[in-house]
Structures are given as C-alpha cells and as structure tokens.
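Trainee: take this sequence and fold it.
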Amino acid sequence: MSQLHRLGIWYTNVGVFVETSNILLKKQKDRLTERRYGDIGKSWQENR
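Mentor: Next up is the predicted model:
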C-alpha cells in the first residue's frame, strides 16, 4: 500500500510539473511570437 501511495504521489508531482512546464513554455512561445510580430509591425510602419 505504501508503495502504491508513493507511486500516486509521484504521478501527481510529475503531472503538476508537466502542466507547469507546458504553461511556462506556452508563455515563452507567446512572448517570442509577440516580439517577432512587434518587430515586423514596427519595420512595416517605418517603411510605409
């Protein structure tokens, strides 16, 4: 039982970790695309 309990805790921790890293990765990706599109928009406005 204690081994099963430990396994359950481990799975929970891994799940939380995966969720957190997914959220962080998405935020980072959004920031990168935002910056890239911001640069494109700026240069486009300057060239116009």
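Trainee: quick check, pLDDT for the spatially most central residue of the chain.
Mentor: In the chain, the centroid-proximal residue (C-alpha atoms, centre = their mean) is residue 25; its distance is 2.0 Å. If you check residue 25, the pLDDT there is 94.
Trainee: how about residue 16?
Mentor: Here the pLDDT value assigned to residue 16 is 95.
Trainee: which intervals of the protein have sub-threshold pLDDT?
Mentor: For the chain, the stretches flagged by pLDDT under 70 are 1, 48.
Trainee: if you set the cut-off to 80 instead, what comes out?
Mentor: Residue ranges of the chain with pLDDT under 80: 1, 40-48.
Trainee: okay, helices next: where are they in it?
Mentor: 2-47 (DSSP state H).
Trainee: circling back: measure the residue nearest to the centre of the chain to residue 37 for me?
Mentor: Residue 25 is 18 Å from residue 37, where distance means C-beta to C-beta, to the nearest Å. (C-beta placed from N, C-alpha, C; glycine too.)
Trainee: now do residue 31
Mentor: Look at residue 31 and residue 37: by C-beta to C-beta, they are 11 Å apart.
Trainee: and residue 21, by the same measure?
Mentor: For residue 21, the distance to residue 37 equals 24 Å [C-beta to C-beta].
Trainee: swap in residue 43?
Mentor: With distances taken as C-beta to C-beta, residue 43 is found 11 Å from residue 37.
Trainee: with residue 27 instead?
Mentor: From residue 27 to residue 37 the distance is 16 Å (C-beta to C-beta).
Trainee: repeat for residue 7
Mentor: Distance of residue 7 to residue 37, computed by C-beta to C-beta: 44 Å.
Trainee: just the C-alpha atoms of stretch 35-46, please, in CSV.
Mentor: Below are the C-alpha coordinates for stretch 35-46, written out as CSV (Å, rounded to 0.1, in the frame of the first residue of the first chain):
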residue,chain,number,x,y,z
ARG,A,35,8.3,40.2,-30.0
ARG,A,36,8.8,38.9,-33.5
TYR,A,37,5.5,40.3,-34.8
GLY,A,38,6.2,43.5,-32.9
ASP,A,39,9.4,43.9,-34.8
ILE,A,40,7.7,43.1,-38.1
GLY,A,41,5.0,45.6,-37.3
LYS,A,42,7.5,48.3,-36.4
SER,A,43,9.6,47.9,-39.5
TRP,A,44,6.4,47.8,-41.7
GLN,A,45,5.2,51.1,-40.2
GLU,A,46,8.6,52.7,-40.7
